[in-house]
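Student: sequence? don't have it. structure:
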């Protein structure tokens, strides 16, 4: 029996990996100082929830095969110190996932935007084709109860490659640890400014990702992103390099159709970035032996990853979407996608400044023109969130200047946010709510119902 212990088991990826190992037959234990939903219930249902919160070095003994360390745990964690004292192998979760997939074909999807969607598309197509696979993806997908899978029968692993740091002991981007046989880079736009202080430093992390592709491997990349194109084409002549862009398509009666040699393929997703994501996924699947006809048949039923242009409600004349977009490039692409899809609607776009990057004065100017595609643009931020991140207050006029819109409405109260949306609503409207947070606790489902009523 394999025994492993998770320090900070409650994290999104950590608890999914714990569940995957439990299902593989491992004896899994874990600890954390606090665990929120849905991680808490999911761990509890499988008997994996710690019997008490907090750190206890007596949980660590020489019978453990490995300790898996979450980013939430500090270097002076008592359980970590005990594991080091006993000489137990310690891994970050990406490092351990690599250990579990060492003998498989590893496909790693990286990029500042689109990586969750591309990973989801590839997994969707492979499942439709009956391919046995391992996977690790960062967002909840429809029809999946766990976002990590490890199977002894699979020969391929599909991995969403995050560029954020792995753990206190491995302060390197997660995607540096997977060592892909096939890699993809969807785009590069500065993010995580609390770790990567300059754009040049951020780009270097992607150079490191390319350097870690296995010798003779393949690198699929979006050639319409000039930063990616310059980076990829200037390095690693031993790699098979596969560029992609926006595929031929047209929008008819509000439905985006892919133009293929076999005819038009109606899609359930839309927007230029989603089409680029689809093309990247097609190239990945092609390298895994899936032909274009099979890919097109499968991708037609793909509805998207959770919180990625997810439709909340719709009636004739009104529609509501929520999206995870929060960085400038994601924000701009999402606003433009909805604007192009609903040209006859008043587009009300609302985003929340929630991440450390978005609330940092030195980063705010990256949002210039990001919401120009919206008829009504609203920015929400919670002053309490700013204080928790130990950042100075953000004056509304500073935000307005950064976005480059004099008519930008700045809101700091959830009730006022609902009022601002209601006031902007017309008989023919599209509402787009974008955040990696929760708009100060606003019930988006209820808000969507009120919007279409």
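Tutor: Sure, I can see it. The shown structure was predicted, so the numbers you read here are calculated from the model rather than taken from an experiment. Residues are numbered from 1 along each chain as shown.
Student: can we go C-alpha only for contacts and neighbour counts from here?
Tutor: Fine.
Student: In this structure, what helix or strand scores lowest on average pLDDT?
Tutor: helix 383-388 (a mean of 81; mean pLDDT, DSSP states H and E).
Student: Pull out the buried residues from it.
Tutor: Judged by neighbour count using 16 or more other C-alpha atoms under 10 Å, the buried positions of helix 383-388 are 383, 385-386.
Student: cool, stretch 129-139 as well?
Tutor: 133-139.
Student: now do stretch 400-407
Tutor: Quick answer for stretch 400-407 (16+ other C-alpha under 10 Å): 400, 402-405.
Student: Check stretch 374-394 too.
Tutor: 374-383, 385-386.
Student: Show me what that stretch is in contact with.
Tutor: 335-336, 339, 346-354, 356, 359-361, 371, 407-413, 417, 420, 424, 439-440 (C-alpha atoms under 8 Å, 6 or more residues apart in numbering).
Student: Kindly report the same for stretch 319-334.
Tutor: By C-alpha under 8 Å, 6+ apart, the list of residues contacting stretch 319-334 reads 113, 189, 191, 271-273, 307-314, 351-355, 358, 366-367, 369-373, 429-436, 448, 451-452.
Student: Residues in a beta bridge with the nearest residue to residue 90 once chain neighbours are set aside, which ones?
Tutor: In space, and not counting its chain neighbours, residue 90 is closest to residue 67: 4.8 Å by C-alpha to C-alpha, 6 or more residues apart in numbering. Using DSSP bridges, the bridge partners assigned to residue 67 are residue 5, residue 90.
Student: Okay, residue 67 and residue 129: tell me how far apart.
Tutor: 36 Å (C-alpha to C-alpha, to the nearest Å).
Student: and if you look at residue 187?
Tutor: On the measure of C-alpha to C-alpha, residue 187 and residue 129 end up 28 Å apart.
Student: Out of the buried residues of stretch 400-407, name the two that are farthest from one another.
Tutor: 402 and 405 (8.1 Å; C-alpha to C-alpha).
Student: and residue 307, what pLDDT?
Tutor: We note a pLDDT of 69 for residue 307 in this prediction.
Student: I misspoke; the intended subject was residue 445.
Tutor: For residue 445, pLDDT reads 89.
Student: Just give the nearest non-adjacent residue to it, would you?
Tutor: residue 312 (6.6 Å).
Student: Would you list the strands that the helix or strand containing that neighbour pairs with, along with their directions?
Tutor: Secondary structure assignment for residue 312, by DSSP states H and E: strand 310-315. Paired neighbours of strand 310-315 in the sheet (DSSP bridges): strand 318-323 (antiparallel).
Student: Looking at the strand it pairs with now, give me its mean pLDDT.
Tutor: 92.
Student: cool, stretch 265-272 as well?
Tutor: For stretch 265-272, the mean confidence score works out to 91.
Student: so how far is the first residue of it from its last?
Tutor: 16 Å.
Student: Show me what counts as buried in that stretch.
Tutor: 265-267, 269-272.
Student: Of those, which belong to strands?
Tutor: Residues of those located in strands (DSSP state E): 265-266.
Student: any idea which of the buried residues of stretch 265-272 is closest to residue 222?
Tutor: Of the buried residues of stretch 265-272, the one sitting nearest to residue 222 (C-alpha to C-alpha) turns out to be residue 272, at 12.3 Å.
Student: Residue 248 is in contact with the closest one, correct?
Tutor: No: Residue 272 lies out of contact with residue 248 (C-alpha atoms under 8 Å); the separation is 10.4 Å.
Student: so where's the stretch 101-250 of the chain uncertain?
Tutor: Residue ranges of the stretch 101-250 of the chain with pLDDT under 70: 139-142.
Student: Show me the strands in the stretch 351-453 of the chain, by range?
Tutor: For the stretch 351-453 of the chain, the strands defined by DSSP state E, counting those that start in this stretch occupy 376-380, 409-411, 429-434.
Student: still on that earlier bit, give me the common contacts of residue 402 and residue 405.
Tutor: With C-alpha under 8 Å, 6+ apart, residue 402 and residue 405 have no common neighbours.
Student: And this structure, split by domain according to the record?
Tutor: 3-88, 96-299, 310-452 (automatic domain parsing).
Student: and the first one, what's its mean pLDDT?
Tutor: What that stands for is domain 3-88. 95.
Student: Between its first and last residues, how far does that domain reach?
Tutor: 11 Å.
Student: And stretch 46-63, by the same measure?
Tutor: 22 Å.
Student: Let's verify the spatially most central residue of the chain: helix, strand, or coil?
Tutor: Centroid check for the chain by C-alpha atoms, centre = their mean gives residue 116 as the closest residue, at 4.5 Å. Going by DSSP: H, G, I helix; E, B strand; the rest coil, the secondary structure assigned to residue 116 is helix.
Student: which residues touch it?
Tutor: Here residue 116 is in contact with 137-139, 160, 305 (criterion: C-alpha under 8 Å, 6+ apart).
Student: Dump those to a markdown table, plus secondary structure.
Tutor: Below are the contacts of residue 116 laid out as a markdown table (three-state DSSP):
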| residue | secondary structure |
| --- | --- |
| 137 | coil |
| 138 | coil |
| 139 | coil |
| 160 | strand |
| 305 | coil |
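Student: The residues you listed: which two are farthest apart?
Tutor: 160 and 305 (12.6 Å).
Student: For these two, indicate the residue with more neighbours.
Tutor: Higher neighbour count among residue 160 and residue 305: residue 160, with 26 against 20, using other C-alpha atoms under 10 Å.
Student: Do a quick rundown of the helices in the stretch 351-453 of the chain.
Tutor: 383-388, 396-403, 414-424, 444-452 (DSSP state H, counting those that start in this stretch).
Student: of the ones you listed, which approaches residue 217 most closely?
Tutor: helix 396-403 (40.8 Å).
Student: Report the angle between the closest one and strand 376-380.
Tutor: 130 degrees (axes from the mean of the first three to the mean of the last three C-alpha atoms, to 10 degrees).
Student: What mean pLDDT does helix 396-403 get?
Tutor: 93.
Student: what's the answer for stretch 285-293, then?
Tutor: 97.
Student: what packs against the top helix by length along the chain?
Tutor: Counting residues, the longest helix found in the chain (DSSP state H) is helix 272-287. Other helices and strands packing on helix 272-287, by 3 or more C-alpha pairs under 8 Å, 6 or more residues apart in numbering; DSSP states H and E, are helix 115-128, strand 182-185, strand 218-222, strand 240-244, helix 292-299, helix 328-341.
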